[in-house]
Structures are given as C-alpha cells and as structure tokens.
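Visitor: coords please:
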Amino acid sequence: MNKILYIGRIMLYIIIVFILSLFSPWWIIAIAGTFIGFYSKTGYNAIIDSTLSLSIAWFIMLINNLFIQDYIIINKMQDFLGFNSITLLLITLIIPILIAPLSSLFGYELKKVIRYEK
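Guide: Predicted coordinates for the structure are as follows:
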C-alpha cells in the first residue's frame, strides 16, 4: 500500500510539473523542485522524488517537442551542434538532473528553518 502511495505521489508531481512547464519558462522546474522538497519528510526523499518527477516531466516535454511538434529551433540546434536527436535528448536531460536535487534540498532546508523559527 505504501508503494502505491509513493508511485501516486510521483505521478501527481509529474502531472503538475508537466502542466506548469507547458505554460511557464523552463526554470519553473526549480520552483517545483523547491515545493517538492518543502513537502518531503526527509532530505533523501526530497532529492529522489524531485529528481525522478522533474526528469520524467522534462523527458516527456522533450519527446513532445522533438518528435511530435517538430520545432524548427531544435533542428537548427542539432545542425549547429552536430548531434543527432538521441544525443541532444540525453544532453538536455542533464538540466533537470542537476537542478532537481539542488532545488529540492533548498526546499527541505527551508522547511527546517521555518519550523525552527516558530
């Protein structure tokens, strides 16, 4: 039962981040990671939950932009950098993998500071 709740929470995070990233700039993942970290029970859970959910949501957005909508800017980036689609996809996945742990750890530590002040 606990595992089902964990998977449901991750899916909820993915859906929320995906919807936010449709209408917001790319750096919304840092704000979402901060909220995920703020509402996590431990620092480890904050990092894992945030990294998983933000990376999966970012990956879904990349697949949508790369293969379904076929943006011209992505084709120009591929030509300029000399990468194929898969390499460009893997390189851009580094962004949420780096941002998610930092922002979630900030949110978790912010929660500890707020509780300490009260």
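
Visitor: tell me which residues in the longest helix along the chain are buried?
Guide: Identified as the longest helix of the chain according to DSSP state H is helix 94-117. Neighbour counts over helix 94-117 (16 or more other Cβ atoms under 10 Å) mark Ile95, Pro96, Ile99, Ala100, Pro101, Ser103, Ser104, Leu105, Phe106, Gly107, Tyr108, Lys111 as buried. Backbone N, C-alpha and C define where each C-beta goes, glycine included.

Visitor: can you pull the contacts of the nearest residue to the first one once chain neighbours are set aside?
Guide: This means Ile95. In space, and not counting its chain neighbours, Ile95 is closest to Trp58: 6.9 Å by Cβ to Cβ, 6 or more residues apart in numbering. By Cβ atoms under 8 Å, 6 or more residues apart in numbering, the residues touching Trp58 are Ser21, Ile29, Thr92, Leu93, Ile95, Pro96.

Visitor: cutoff 10 Å now
Guide: By Cβ atoms under 10 Å, 6 or more residues apart in numbering, the residues touching Trp58 are 14, 17-18, 21, 26, 29, 92-93, 95-97, 99-100.

Visitor: what separates it from Asp79, distance-wise?
Guide: Distance of Trp58 to Asp79, computed by Cβ to Cβ, to the nearest Å: 23 Å.

Visitor: what separates the residue most central in space within the chain from Lys76, distance-wise?
Guide: The residue lying closest to the centre of the chain (Cα atoms, centre = their mean) is Leu54, at 1.8 Å. As judged by Cβ to Cβ, Leu54 and Lys76 stand 26 Å apart.

Visitor: cool, Asn45 as well?
Guide: Here Asn45 is placed at a distance of 40 Å from Lys76 (Cβ to Cβ).

Visitor: Between these two, which is the more surrounded one?
Guide: Ranked by neighbour count (other Cβ atoms under 10 Å), Asn45 and Lys76 place Asn45 first, with 17 against 10.

Visitor: No more questions from me, cheers.
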